[in-house]
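Visitor: Any chance you can model this:
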Amino acid sequence: MKHGNPGDAPNIRQLTKQSVRAFWLDGLWDLAFVGVFVLTGAWGAIYLRFIAYPSVTWPFLREIGRDTVWIGLAVFFCALAAYISAAWWVVRRLKRQLVDERRGYAEHRFFMPIGWKTLLFYFLLCGLGTGLMYGFFLHVSGGLRVLSVAAIISPAVACLVIGRTYGIRRYVWIAVVGFVLVLSLELLITSTASYAAGPANFLDVLPAWGSLALPSFIWAGMFAISGLIGLIGIRRSE
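Guide: Next comes the predicted model:
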């Protein structure tokens, strides 16, 4: 979509596939999501120890109780919300400065309306993928790896649905390559944590829980690559 200036951005009530495609195509949101995955991965490496071993003192060198666990989780979600709000503000302004002159500027509200068919497709894929992954991990590792499955399936399906629905091919590739890479490394480089000693590091996981850390860090790298591809595409279109 071509617009002469930011003021010509399409009205949020005139949502089209073209405007949504323009909203994602430049890669700025991909780069913003890198921070989301890094925060999630860093917290996941700590929180797994909390939920698995409430009496473990690492990294605070003191006894922790369930109240502290829930307070810590609340702090994480507040930090994540603050980051997303700041990213929303920054990316919208960067889009006006960097994207408007090259590909056209598309602006939508934060909770972008999504068609029911797209939502249904997303939830069906998530449900199917989650069920298959639970069965797979239960067979190969003796546990469901709940956190790992969530961190593997959700980004992969989201990228696949966005790429397929709005014709952004790099998202389809990111979904496929990211899924294969995360699953492979989850199987190859993680180890089973000792229930007596607790996890030694973020690669030491419990069969029941898995880990948010490794999948999140890998997805951060994948989204960084996707964002750079989008920005390079904008530059080449000059």
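Visitor: next helix or strand past the longest helix along the chain?
Guide: If you go by DSSP state H, the chain has its longest helix at helix 66-94. Using DSSP states H and E, the helix or strand that directly follows helix 66-94 along the chain is helix 116-141.
Visitor: name the helices or strands packed onto whichever helix or strand comes after that next one?
Guide: As assigned by DSSP H and E, the chain's next helix or strand after helix 116-141 is helix 146-166. Here helix 146-166 touches helix 17-25, helix 28-52, helix 116-141, helix 169-188, helix 213-236, going by 3 or more C-beta pairs under 8 Å, 6 or more residues apart in numbering; DSSP states H and E. The C-beta positions use only the backbone N, C-alpha and C, and glycine is treated the same way.
Visitor: and those helices as JSON lines, adding distance to residue 147, mean pLDDT and mean neighbour count?
Guide: What follows is these, written out as JSON lines (distance: least, C-beta to C-beta, whole Å; pLDDT from 0 to 100; neighbours: other C-beta atoms under 10 Å):
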{"stretch": "helix 17-25", "distance to residue 147": "27", "mean pLDDT": "72", "mean neighbour count": "19"}
{"stretch": "helix 28-52", "distance to residue 147": "7", "mean pLDDT": "83", "mean neighbour count": "19"}
{"stretch": "helix 116-141", "distance to residue 147": "11", "mean pLDDT": "90", "mean neighbour count": "14"}
{"stretch": "helix 169-188", "distance to residue 147": "11", "mean pLDDT": "92", "mean neighbour count": "17"}
{"stretch": "helix 213-236", "distance to residue 147": "8", "mean pLDDT": "88", "mean neighbour count": "19"}
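Visitor: For those, give me CSV that also has distance to residue 94.
Guide: Putting the helices and strands packed on helix 146-166 into CSV (distance: least, C-beta to C-beta, whole Å) gives the following:
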stretch, distance to residue 94
helix 17-25, 13
helix 28-52, 6
helix 116-141, 26
helix 169-188, 19
helix 213-236, 10
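Visitor: For the residue nearest to residue 143 when sequence neighbours are not counted, what are phi and psi?
Guide: Leaving aside its chain neighbours, residue 143 sits nearest to residue 207 (2.5 Å; criterion: C-beta to C-beta, 6 or more residues apart in numbering). Main-chain dihedrals, residue 207, degrees, to the nearest 10: phi -60, psi -40.
Visitor: Would you mind giving me the confidence score for residue 207?
Guide: As predicted, residue 207 sits at a pLDDT of 80.
Visitor: Can you tell me how far it is from residue 160?
Guide: 27 Å (C-beta to C-beta, to the nearest Å).
Visitor: so what's the spatially most central residue of the chain up against?
Guide: By C-alpha atoms, centre = their mean, the mean C-alpha position of the chain lies nearest to residue 155, the distance being 4.9 Å. By C-beta atoms under 8 Å, 6 or more residues apart in numbering, the contact list for residue 155 reads 37, 175, 178, 219.
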